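Q: Here is a sequence with its predicted model. Questions after.
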Amino acid sequence: MNKILFFFSLLLLTGIQAQKQAYSYAQISHLLSSYSENDERAMVFVNLYIRKAKKEQKASKLIAGYDEAVYYSSSVHQKLRYADSAVTVSLKSKKADLISWAYLKKGIIYYYNKRDYRLALQQYLIALSTAKETKDLYMRNKIVYHLGMVRSYLGYYEEASRHFMETAIYFERNISDKDHPNIRLNNESGYYNSIYRLSSCYKNLKQYRKEDSLIAIGIKRLKSADHHPLEFAYFQKGKGIQQIRKGDYKTGLKHLKLAENILMKEGDFASLATVDFYIGKVYWNSGDRQTSLVYLNRVDSIITEFKFVTPEITANYQYLIDDAKEKNNERQQLYYTNQLIRVDSIVKADFAFLSAGIYKEYDINSLTEDRDRLLKKNKYGLVLIFVIIAGSLILLFYLINRHRKREHRLTLKYHQLLEKLNNHTISSPRESEIVVHQAKDLYSVEVIENIKKNLKVFVEKEKFRDIDLTLEQMAKLIGCKRNALSYFLNNHLHTTYHTYIKNLRIEYITRKLMEDKIYLKYSMETLAKEGGMKNRQVFSNHFLEIHGIRPADFVRKRAEELNQENV
């Protein structure tokens, strides 16, 4: 049927183009609705949508076209490429809502498709910052929700819970029978997802009464999977884990099985891994080892394929290791041990800000001892272990010593920079520093004064933050010839165009880092773009050249200073 539909759609498209009739956005969208996510065949119509939007120069429609391209592209690389195109169009439109939507959609790709949670967080923060004054409250709450999702995953449960509480209140208030069914479904979905995610935050914070009450609300309101299958599965999952925690394995298993079938059908493998882990755990504790291993190995397959793991399911490998030990299967034991070490490194990288207690689902010391025993069976094992330990100690001592020296140098540099900032001695040339040549000037006094006046406006309006700014463009903005501006910079400010712009950009970002704490959370890439620089390397090199310290070190020192002030 899909092939027939595709063939018929091509014939229809060919006929319409042959007759040179206008093809509306609604008609194209209707054709697209017949295809599923990641179906590349839909790109025939997506490209038609994009070409039409480009021809008509409609930014909102062009962004919508790129969104469709993201949805139907099967490659993550292609999805990001189209998302970047949407961001570019939104920035050129200078419309805050379009910019927010574009960064939100890009963040979603990083979160769900690429599994890069740090980059997802950066995109969401930009989207939320841009949407400060928006009247589109639905969009703003979507951003807040996704910000809660990534912060929850990274272990910022307190912050995430506040986000989900805010979105739950908004979506519940906007559920109305008077609205179009699709709008009502969207608000319902937003509400159910918000209270489920909020319950997960409470679970991780060990506030079980709050978690239980929210799970109860979800179970009561969602009696079937008809309208919201995924949300129904989430609450069944939550109820199942809740019952297992209370020792009621039979009821817990019933709810988890309900969730498992839906999650598998919907392709939510991240949630499925958690469900399978708990089902495997129930069968293990019930004595059904064979069935338990089926589910525990299924979790290993999901982690290996999708690179998705949370601290909650790392204990999955401890069960598999214990089983391999009992069977004296050293090959499997070594495999599962290596898997656990790999998973542990992922968890520690993604959950760097969580307390150490979150990693105590398994005994690392015991794990290390077992691995050492397996390695000792190799005749070179003892020598290898000794060399590794000795080398590690030497390397550790060297790294600690080097780190201390580097930190001392950075502290000195940081305080020197603070002193310069307080004395206002790092900025680019100011009006008071302009040298007046008068008779020696190649240009008239009127021309020079006009450049001085307009240059001040240029700086005040932060036009130097344009990433594609050139000397010619700057001259147009100031209202003079390129040669006149170059002459003025060289002879009156004793600088060059590139040095002048570089100083303005670094001064701007430095001031933001000092005055607004939110900038301390931005990535180097984001800070570079904020200041108008091409990439993080250019930004880092310019910052080092002007301040004598890398921006990453400056941000860290500034954050440490603020934390000490708050203690």
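A: Received the coordinates, thanks.

Q: Residue 177: what secondary structure?
A: coil (DSSP: H, G, I helix; E, B strand; the rest coil).

Q: just for the stretch 201-350 of the chain, where's the confidence low?
A: Confidence mapping of the stretch 201-350 of the chain against pLDDT under 70 gives the ranges 349-350.

Q: what's the helix or strand for the spatially most central residue of the chain?
A: Centroid check for the chain by C-alpha atoms, centre = their mean gives residue 120 as the closest residue, at 0.8 Å. Here residue 120, judged by DSSP states H and E, is contained in helix 117-130.

Q: mean confidence score for that helix?
A: In this model, helix 117-130 carries a mean pLDDT of 90.

Q: Pull the residues that contact it.
A: 96, 99-104, 106-108, 110-111, 140, 143-144, 146-147, 150-151, 153-154, 350, 518, 521-523, 525-526 (C-beta atoms under 8 Å, 6 or more residues apart in numbering). Every C-beta, even on glycine, is put in place using the N, C-alpha and C of the backbone.

Q: Can you point out the buried residues in that helix?
A: 117, 119-130 (16 or more other C-beta atoms under 10 Å).

Q: that older thread, in helices only, show me the contacts of helix 117-130.
A: 96, 99-104, 106-108, 140, 143-144, 146-147, 150-151, 153-154, 350, 525-526 (DSSP state H).

Q: how much space is there between the residue nearest to the centre of the chain and residue 155?
A: Using C-beta to C-beta, to the nearest Å, residue 120 is found at 14 Å from residue 155.

Q: before we move on, what about residue 338?
A: To residue 155, residue 338 is 25 Å away according to C-beta to C-beta.

Q: quick one, which of those two is more surrounded?
A: The neighbour comparison of residue 338 against residue 155 (other C-beta atoms under 10 Å) goes to residue 155, with 20 against 12.

Q: Low-confidence ranges, the stretch 451-567 of the chain, go.
A: Residue ranges of the stretch 451-567 of the chain with pLDDT under 70: 567.

Q: Strands along that one, start to end?
A: Under the criterion DSSP state E, counting those that start in this stretch, the stretch 451-567 of the chain contains no strands.

Q: picking that back up, report the buried members of the contacts of helix 117-130.
A: 96, 99-104, 106-108, 110-111, 140, 143-144, 146-147, 150-151, 153-154, 350, 522-523, 526.

Q: residue ranges of the helices in the stretch 151-300 of the chain, please?
A: Secondary structure of the stretch 151-300 of the chain (DSSP state H, counting those that start in this stretch): helices located at 157-173, 181-204, 208-221, 229-245, 249-266, 269-285, 289-306.

Q: do you know how far residue 331 is from residue 324?
A: From residue 331 to residue 324 the distance is 8 Å (C-beta to C-beta).

Q: Looking at the two, which has the bigger crowd around it?
A: Between residue 331 and residue 324, counted using other C-beta under 10 Å, the more crowded position is residue 324 (19 against 9).

Q: Mind giving me the packing neighbours of whatever helix or strand that one lives in?
A: Residue 324 belongs to helix 316-326 when assigned by DSSP H and E. On a contact count with 3 or more C-beta pairs under 8 Å, 6 or more residues apart in numbering; DSSP states H and E, helix 316-326 meets helix 269-285, helix 289-306, helix 330-350, helix 364-376.

Q: okay, the ones you listed, which one's buried deepest?
A: The highest mean neighbour count among the helices and strands packed on helix 316-326, using mean count of other C-beta atoms under 10 Å, belongs to helix 269-285: a mean of 22.

Q: Next, the angle helix 229-245 makes with that one.
A: 30 degrees (axes from the mean of the first three to the mean of the last three C-alpha atoms, to 10 degrees).

Q: How about stretch 560-567, which residues are buried there?
A: For stretch 560-567, burial by neighbour count (16+ other C-beta under 10 Å) applies to no residue.

Q: mean confidence score for the longest helix seen in the chain?
A: The longest helix of the chain (DSSP H) is helix 381-423. Mean pLDDT, helix 381-423: 75.

Q: The spatially closest residue to residue 528 that is not a sequence neighbour: neighbour count?
A: Among residues not flanking residue 528 along the chain, residue 539 sits closest, at 3.6 Å (C-beta to C-beta, 6 or more residues apart in numbering). Counted by other C-beta under 10 Å, the residues lying close to residue 539 total 25.

Q: May I ask you to confirm that residue 539 is in contact with residue 532?
A: No - Residue 539 is not in contact with residue 532 according to C-beta atoms under 8 Å; the separation is 9.5 Å.

Q: And residue 34, its phi and psi?
A: phi -80, psi -10 (degrees, to the nearest 10).

Q: go on, residue 480?
A: Torsion angles, degrees, to the nearest 10, at residue 480: phi -150, psi 180.

Q: which residues touch the residue nearest to it when sequence neighbours are not counted?
A: Of all residues not flanking residue 480 in the chain, residue 451 sits nearest, at 5.4 Å (C-beta to C-beta, 6+ apart). When contacts are counted by C-beta under 8 Å, 6+ apart, residue 451 touches 478, 480, 484, 485, 488.

Q: The first one and residue 485: what is the separation?
A: Spelled out, that is residue 478. According to C-beta to C-beta, residue 478 stands 6 Å off from residue 485.

Q: Likewise for residue 58?
A: Here residue 58 is placed at a distance of 36 Å from residue 485 (C-beta to C-beta).

Q: now do residue 535
A: As defined by C-beta to C-beta, residue 535 lies at a distance of 26 Å from residue 485.

Q: Looking at those two, which one has more neighbours?
A: Neighbour totals were compared for residue 535 and residue 485, and residue 485 leads with 23 against 12 (other C-beta under 10 Å).

Q: Verify the contact between the more buried one and residue 475 for me.
A: Yes - using C-beta under 8 Å, residue 485 is in contact with residue 475, at 4.4 Å.

Q: tell me the mean pLDDT over stretch 37-53?
A: On average, stretch 37-53 scores 92.

Q: next one: it to chain centre, how far?
A: Distance of stretch 37-53 from its chain centroid, counting by C-alpha atoms, centre = their mean, to the nearest Å, is 26 Å.

Q: Extract the C-alpha set from it and format it as PDB.
A: Extracted in PDB, the C-alpha atoms of stretch 37-53 (Å, rounded to 0.1, in the frame of the first residue of the first chain):
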ATOM      1  CA  GLU A  37       9.100   9.000  10.800                       C
ATOM      2  CA  ASN A  38      12.500   8.400   9.200                       C
ATOM      3  CA  ASP A  39      10.800   7.400   5.900                       C
ATOM      4  CA  GLU A  40      13.100   9.000   3.200                       C
ATOM      5  CA  ARG A  41      10.500   8.600   0.500                       C
ATOM      6  CA  ALA A  42       8.700  11.600   2.000                       C
ATOM      7  CA  MET A  43      11.600  13.800   1.100                       C
ATOM      8  CA  VAL A  44      10.200  14.300  -2.400                       C
ATOM      9  CA  PHE A  45       7.400  16.400  -0.900                       C
ATOM     10  CA  VAL A  46       9.500  17.900   1.900                       C
ATOM     11  CA  ASN A  47      11.900  19.300  -0.700                       C
ATOM     12  CA  LEU A  48       8.900  20.700  -2.600                       C
ATOM     13  CA  TYR A  49       7.700  22.400   0.600                       C
ATOM     14  CA  ILE A  50      11.200  23.900   1.200                       C
ATOM     15  CA  ARG A  51      11.600  25.200  -2.400                       C
ATOM     16  CA  LYS A  52       8.100  26.800  -2.200                       C
ATOM     17  CA  ALA A  53       9.000  28.500   1.100                       C
END
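
Q: buried stuff in stretch 58-68?
A: 58, 59, 61, 62, 63, 64, 65, 66, 67, 68.

Q: Farthest-apart pair in those residues, please.
A: 59 and 68 (15.1 Å; C-beta to C-beta).

Q: thinking again about what came up before, JSON lines for the contacts of residue 451, including distance to residue 292?
A: Formatted as JSON lines, the contacts of residue 451 follow (distance: C-beta to C-beta, whole Å):
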{"residue": "478", "distance to residue 292": "73"}
{"residue": "480", "distance to residue 292": "78"}
{"residue": "484", "distance to residue 292": "80"}
{"residue": "485", "distance to residue 292": "75"}
{"residue": "488", "distance to residue 292": "78"}
